[in-house]
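Visitor: Build me a structure from this.
(2 chains)
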Amino acid sequence: MNPSVSLVTHIALLAIISFGGVPGVLPDLHDFVVTSNSWLSDREFANCFAIVQAIPGPNMILMMSFIGWKVGGLPTAIASALVTFGPPCALSYAAFHFWDRFRETAWQQRVRRGLAPVTIGLVIAGGYVMTRAGDSGWPGLAVTAAAVALMLATRINPLWLVAAGGALGGLGAL
Amino acid sequence: MAHALDEAGARSPVTLGALFAAFLKTSMYGFGGPIVWVRRIIVDERGWLSDRDFADLLSFCQFLPGPNVVSLTVCIGAKFRGPAGALSALAGFILVPWMVGFALGAFFLSYAQTPLLQGILRGVAAAAAGLLIATGIRLLLPHRRRPMALAFAALAFIGLALLKFPLLIVVLGLVPLSIAVARPDRVPAR
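Guide: Numbering: from 1, shown residues only, chains lettered A, B, ... in the order given. Okay, here's the model as predicted:
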């Protein structure tokens, strides 16, 4: 199959099952784009992830766009963006009315409690895989660990942590 | 929260144009974590939702597929103005910010080979991976006394990160089991 079609189809599928948010799809996407198809290198994949943390806007949609751009230029970038938010938006709209009608029912609480742990595990897996893809040895791991600790222990604006990581990297510490 | 209401004064009318403008602003401000900005603008600044209603809506959106903040945008738009509201809010959140972000990012990515930018991106990626892990841990804290919840979070992590199973397999394999063992008793309101 044409790489662009294959990528966009894969992103569309991932978007529809990305319960808990897009970061949960990163491990699967990394495997598909870098390991299975070699469209991007580990470094390029990590760059796409890093760049969207450093610019404003809908960051996960932009990340999919940049991966699409690398694989098939602007048309693939736009298609990747559309399939990232289009189907989930339609689903959100439908689900909102449904959910609103059955608030506070026992089955809804049960679904909520059952879904939560799985989605959380997926988010943490996303962070783990990005640590591996960015692989910059133990200084990189130290930055990641420091970011985790500061986020959990303080109320610091995450933007400062991203800026500090960028500054350390820019000074050649990583 | 009384504080939020005082600060907002009279709540501004939720027109289609106002939805577009509010979400355009959240998106353009949204470095790092757009959710933070959605709360600030929708709750504190415009007074459209109470803190409690916002938290309810957010926890629901966290379980929907796709970018959480996009689900939140659609749900808030839909709540006030139906389908047209959802579309206005979504257009505000994505249209212009996507173009700006894509142009900026494409520019930087084409210089990604230079050692300086390479170093910066490496540092940013390391820090951002930490933010993701911390977000996951923070979400997990309210479940820490539920061994089953911890077990399912661990299984999802192992399946995806260590065994490298496809997401579809992990989700379809774990979600039904996790719901089946979940107790339907009340979650303490936060």
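
Visitor: Going by C-alpha atoms from here, please, whenever you check contacts or count neighbours.
Guide: Fine.

Visitor: Is B:I94 in contact with B:S27, as I believe?
Guide: Yes: assessed by CA atoms under 8 Å, B:I94 is found in contact with B:S27 at 7.4 Å.

Visitor: okay, and the common contacts of these two?
Guide: A:57-58 (CA atoms under 8 Å, 6 or more residues apart in numbering or on different chains).

Visitor: Can you pull out the low-pLDDT segments for chain B?
Guide: By pLDDT under 70, the low-scoring segments of chain B are B:1-10, B:30-33, B:184-190.

Visitor: contacting residues for B:F157?
Guide: So B:F157 contacts A:121-122, A:124-125 (CA under 8 Å, 6+ apart).

Visitor: and with 6 Å instead?
Guide: A:121-122, A:125 (CA atoms under 6 Å, 6 or more residues apart in numbering or on different chains).

Visitor: So among those, where is pLDDT lowest?
Guide: Note: of the contacts of B:F157, the lowest pLDDT belongs to A:L122, at 85.

Visitor: any idea how far the spatially most central residue of chain A lies from B:A21?
Guide: Using CA atoms, centre = their mean, the residue of chain A that lies closest to the mean C-alpha position is A:P23, 2.9 Å off. The gap separating A:P23 from B:A21 is 27 Å, by CA to CA, to the nearest Å.

Visitor: what residues go with each domain of chain B?
Guide: B:1-110, B:112-144, B:145-190 (automatic domain parsing).

Visitor: what's the most buried one of those?
Guide: domain B:112-144 (a mean of 23; mean count of other CA atoms under 10 Å in any protein chain shown).

Visitor: check whether it contacts chain A.
Guide: Yes: for domain B:112-144, a contact with chain A is found by CA under 6 Å from any CA of the partner chain, at B:116, B:119-121, B:123-127, B:129-134, B:136.

Visitor: Pull the distance from that domain to the chain's centre.
Guide: 16 Å (CA atoms, centre = their mean, to the nearest Å).

Visitor: Could you export the domains of chain B to a markdown table, including columns for distance to A:S36?
Guide: What follows is these, written out as a markdown table (distance: least, CA to CA, whole Å):
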| stretch | distance to A:S36 |
| --- | --- |
| domain B:1-110 | 23 |
| domain B:112-144 | 22 |
| domain B:145-190 | 12 |
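
Visitor: quick one: which of those domains is nearest A:P58?
Guide: domain B:1-110 (6.3 Å; CA to CA).

Visitor: Tell me if the closest one is near chain A.
Guide: Yes: contact of domain B:1-110 with chain A (CA under 6 Å from any CA) involves B:27-28, B:30-32, B:62-68, B:71, B:97, B:101.

Visitor: Can you tell me which of those residues is closest to A:G166?
Guide: B:G32 (13.0 Å).

Visitor: SS state for B:M28?
Guide: helix (DSSP: H, G, I helix; E, B strand; the rest coil).

Visitor: Surely it touches A:N59?
Guide: No: look at B:M28 against A:N59 with CA atoms under 6 Å: they stay out of range, at 10.7 Å.

Visitor: Just the element for B:R11, please.
Guide: For B:R11, there is no host helix or strand (DSSP states H and E).

Visitor: I should have written B:F93 there, sorry.
Guide: According to DSSP H and E, B:F93 maps onto helix B:68-110.

Visitor: What is the subsequent helix or strand relative to that helix?
Guide: According to DSSP H and E, the helix or strand after helix B:68-110 is helix B:115-140.

Visitor: who does that next one touch, helix- and strand-wise?
Guide: For helix B:115-140, the elements it packs on are helix A:42-54, helix A:106-133, helix A:137-153, helix A:158-170, judged by 3 or more CA pairs under 6 Å, 6 or more residues apart in numbering or on different chains; DSSP states H and E.
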